[in-house]
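1. Provide a 3D model corresponding to the input given below.
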Amino acid sequence: MTSLSELRFFTTPAHDCSYLEGRQAITLFADPLARIDKKLYSALSEVGFRRSGNHIYRPYCQNCSACIPVRVPVNRFSYSRRQRRIMKKNADVSMRVVAPQATDEYFSLYERYITARHHDGDMYPADPDQFESFLVDGRPEAMFYEFRLGEELLAVAVVDELVDGLSAIYTFFDPDRTTRSLGVFAVLSLIEAAKSKSLSHLYLGYWIKQCQKMSYKMDYKPIEMFISNHWIPVAD
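-> Model (predicted):
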């Protein structure tokens, strides 16, 4: 297996930033041909890398540091009143962990979610091949955490299990079930899942202060930010 010191990295050409209008972005990614085991993948996550499909990457913009990796120390997490209400409201929802797979049921829910929530983004319109390469293909650590009300599929969280925590790759859910706050419920359920596995953290990806769609990540407290190569607790 490749070690961290042996791993090669590549950068993309500058491209339009997906999060901040008018900005150019550069992405650093690990050699896609390298044999990266769970330990090395976890070490990369510890220093701010994320996964998308087969690629493990992090922002590498020369004049911008807006993308900040964040994670929740699950054993110190404290529910807010609203979060407790959401958990109670979804007490009738069951969660099951299954291997990633491309099914008509999963894609139908994903397509509805993208159309309703991200029609202005680069993943619209949803495409079956893109769904498979983005969320089904990738790592052996990946699992689908599916949430159902009886037989009805409400949400799917795509999650990687690392040495020290769970990494929330992407979550999609029924956009019509607004009163259930399914996105929040999924994150809270993953926090509990990490606890049950004796894992210390839930990695939530990047937070960007100027990006409204990422503001929800600050609702899970306490939270830690990766700044200047250190994980720093954020004061309330």
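2. Kindly report the domain assignment for this protein.
-> Listed by automatic domain parsing, the domain ranges of the chain are 9-67, 70-233.
3. what's the span of the first one from first residue to last?
-> End-to-end distance of domain 9-67 (CA to CA, to the nearest Å): 19 Å.
4. Is it possible to get CSV of the domains of the chain that adds distance to S3?
-> (C-beta placed from N, C-alpha, C; glycine too.) Written out in CSV, the entries for the domains of the chain read as follows (distance: least, CB to CB, whole Å):
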stretch, distance to S3
domain 9-67, 7
domain 70-233, 15
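5. can you give me the helices in the protein?
-> In the chain, helices defined by DSSP state H lie at 38-46, 81-89, 104-117, 128-131, 182-196, listed in chain order.
6. List the buried residues for the third one?
-> Within helix 104-117, the residues scored as buried using 16 or more other CB atoms under 10 Å are 106-107, 109-114, 117.
7. Please apply the same query to the shortest one.
-> Within helix 128-131, the residues that count as buried by 16+ other CB under 10 Å are F131.
8. average model confidence for that helix?
-> Over the span of helix 128-131, the pLDDT mean works out to 96.
9. now the strands: where do they sit in the protein?
-> Under the criterion DSSP state E, strands of the chain are mapped to 9-11, 15-16, 24-25, 27-30, 50-52, 55-59, 68-73, 94-98, 142-149, 152-161, 165-173, 201-207, 224-227, 230-233.
10. list the helices and strands the longest one packs on?
-> Contacts of strand 152-161 with other secondary structure elements, assessed using 3 or more CB pairs under 8 Å, 6 or more residues apart in numbering; DSSP states H and E, are made with helix 104-117, strand 142-149, strand 165-173, helix 182-196.
11. before we move on, the earlier item: for the strands of the chain, give me CSV that also has mean pLDDT.
-> Shown next, in CSV, are the strands of the chain (pLDDT from 0 to 100):
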stretch, mean pLDDT
strand 9-11, 97
strand 15-16, 92
strand 24-25, 95
strand 27-30, 97
strand 50-52, 97
strand 55-59, 97
strand 68-73, 98
strand 94-98, 98
strand 142-149, 98
strand 152-161, 98
strand 165-173, 98
strand 201-207, 98
strand 224-227, 98
strand 230-233, 96
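12. want to try a markdown table for those, with distance to R85 as columns?
-> Written out in a markdown table, the entries for those read as follows (distance: least, CB to CB, whole Å):
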| stretch | distance to R85 |
| --- | --- |
| strand 9-11 | 44 |
| strand 15-16 | 39 |
| strand 24-25 | 38 |
| strand 27-30 | 38 |
| strand 50-52 | 30 |
| strand 55-59 | 35 |
| strand 68-73 | 19 |
| strand 94-98 | 18 |
| strand 142-149 | 17 |
| strand 152-161 | 17 |
| strand 165-173 | 18 |
| strand 201-207 | 20 |
| strand 224-227 | 25 |
| strand 230-233 | 26 |
